[in-house]
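Novice: what's the 3D shape of this:
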Amino acid sequence: MKDSKPAKTPMDSGYLKLTDYGKPLEDSTVYRSLIGALLYIAVHARPDISVSTSILGRRVSCPSDTDWTAAKRIVRYLLGTRDWKLEFTGTEEGLLGFCDADWAGDQESRKSTTGYCFLLAGAAISWVSRRQPSVTLSSMEAEYMALSEACQEVIWLRRLLLEMGCAQKKPTLINEDNQSCIAFVRSERSTKRSKHIETREHFVKDLCQRKELQLVYCPTEEMTADILTKPLCVVKQRKFASKIGMSVTH
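Specialist: Next comes the predicted model:
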């Protein structure tokens, strides 16, 4: 595929809305192998392809010709952005997080997608794009579930940095674009619409009270983690790839 035309985005922004995926592949071995390779790249070096590889990874049990075309598109995107890399600036800013969720974005299961990333010295050092294990009843609940997962990563990262002699003296800032979620974390009581949320999620409030993290509101149009929750148009793809520390070139 080295002579193929490069793609400007890793996945068409309307891919999740498809209702017909075409014919099943007769032999899915090559598809599974390619997705495995792409997942390796996404996990270790290219957060900008995380959501597209995660979506196609859900299709490995019965991939179609449409899925195969989409997988090759990611390769064409990597071909066109082969010079992109995470670029650390060496700034002394502390650990900074962004957390988001695409509520009920999976058309088949109606499960939401969690996306979060943590930046240090100007670039991402940890990122996740993952479908949530259960269906949530509101966007606030989806955001809160994503936040609880991100907070587990905060604990691990802060302890790791402590062991490396880079103790975080201030609470870790996590940017969140759902104001209802922020209000719920800061509230002392549950409402009728939030009483069903699992107790295990409430350690987010505990971390805030212990001053290990601090939630700050981030407008949706500036939410860096959006690149980890759903396929984006080329303008947003480049914008958020740059914000997570990719050395984006045009």
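Novice: so what touches stretch 82-91?
Specialist: When contacts are defined by C-beta atoms under 8 Å, 6 or more residues apart in numbering, stretch 82-91 is touched by residues 45-48, 120-124, 241, 244-249. C-beta: built from backbone N, CA, C; applies to glycine.
Novice: the residues you listed: which two are farthest apart?
Specialist: Largest separation among those by C-beta to C-beta: Leu120 and Thr249, giving 22.8 Å.
Novice: out of these two, which sits in the more crowded spot?
Specialist: Leu120 (19 against 9; other C-beta atoms under 10 Å).
Novice: walk me through the domains of the chain.
Specialist: 15-80, 96-243 (automatic domain parsing).
Novice: about what we covered before: from the contacts of stretch 82-91, list the buried ones, please.
Specialist: Neighbour-count burial (16 or more other C-beta atoms under 10 Å) applied to the contacts of stretch 82-91 gives 46-48, 120-121, 123-124, 241, 244-246, 248.
Novice: which of those fall in strands?
Specialist: 120, 123-124 (DSSP state E).
Novice: pretty sure Pro10 is touching Pro47, no?
Specialist: No - with contact defined as C-beta atoms under 8 Å, Pro10 and Pro47 do not form a contacting pair (11.0 Å).
Novice: show me what counts as buried in the lowest-mean-pLDDT helix or strand in the chain.
Specialist: Ranked by mean pLDDT, DSSP states H and E, the helix or strand of the chain with the weakest confidence is helix 203-209, at a mean of 87. If you call a residue buried by 16+ other C-beta under 10 Å, then helix 203-209 has these buried ones: 204-205, 207-208.
Novice: hmm, who's touching that helix?
Specialist: Contacts of helix 203-209 (C-beta under 8 Å, 6+ apart): 144, 147-148, 151, 154-155, 185-186, 213-215.
Novice: how distant is that helix from the center of its chain?
Specialist: How far helix 203-209 lies from its chain's middle: 22 Å, per C-alpha atoms, centre = their mean, to the nearest Å.
Novice: please begin residue numbering at 21 from this point
Specialist: Will do, 21 is the new start, and the previous item becomes helix 223-229.
Novice: would you turn the buried residues of helix 223-229 into CSV with distance to Glu46?
Specialist: Below are the buried residues of helix 223-229 laid out as CSV (distance: C-beta to C-beta, whole Å):
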residue, distance to Glu46
Val224, 47
Lys225, 52
Leu227, 50
Cys228, 53
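Novice: on that earlier part again, identify the residues contacting the helix or strand that the least confident helix or strand of the chain is followed by?
Specialist: Moving toward the C-terminus from helix 223-229, the next helix or strand (DSSP states H and E) is strand 233-237. The contact list for strand 233-237 (C-beta under 8 Å, 6+ apart) reads 117, 167, 171, 174, 191-197, 199, 202, 205-206, 227-228.
Novice: how about a cut-off of 10 Å?
Specialist: Applying C-beta atoms under 10 Å, 6 or more residues apart in numbering, the external contacts of strand 233-237 come out as 115-117, 119, 167, 170-171, 174-175, 178, 188, 190-199, 201-203, 205-206, 224, 227-228.
Novice: tell me the secondary structure at Tyr136.
Specialist: strand (DSSP: H, G, I helix; E, B strand; the rest coil).
Novice: where does it land on pLDDT?
Specialist: If you check Tyr136, the pLDDT there is 99.
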